[in-house]
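# missing the sequence, but the structure's below:
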């Protein structure tokens, strides 16, 4: 019976034994090979990171040369200067926040409308002035 099963399944009997709960064949060097593989992966990753760090350092050097040549500043420097400028008190500045406008100096539309109406009425003839005042 075993002979017939082996012939029917061909070379898959090794895998069948594992699937049916049989014991796996253990490679005595499997642990050592796995450790070597892991170490090789770590070493490759370190080499890759070092290569990218060198490339980025070279790029930064070229960027700095361009900044020096054209008098440009780094983004971080620009942002820091803008932030410092925003934090400084801006007395008499035209761009100060609306909260800083003192009371009474704001936009009083009613007063402006009355003063404009009075100015227009001054230039109208007498009878028309009377009509508008009523």
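Received the coordinates, thanks. The structure displayed is predicted, hence computed values, not measured ones.
# Which stretches in the chain count as helices?
Counting by DSSP state H, the chain has helices at residues 2-9, 13-19, 30-70, 75-87, 109-123, 126-133.
# Turn those into CSV, columns for mean neighbour count.
In short, each C-beta sits where N, CA and C put it, glycine included. Below are those laid out as CSV (neighbours: other CB atoms under 10 Å):
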stretch, mean neighbour count
helix 2-9, 9
helix 13-19, 12
helix 30-70, 10
helix 75-87, 10
helix 109-123, 10
helix 126-133, 10
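# mean pLDDT lowest for which of those helices?
For the helices of the chain, the weakest mean pLDDT is recorded on helix 13-19, namely a mean of 62.
# and residue 125, backbone torsions?
Backbone torsions for residue 125, taken as degrees, to the nearest 10, come to phi -60, psi 160.
# Next, count neighbours for it.
As a burial measure, residue 125 scores 7 neighbours (other CB atoms under 10 Å).
# pLDDT value on it, please?
79.
# quick one: it from residue 27, how far?
116 Å (CB to CB, to the nearest Å).
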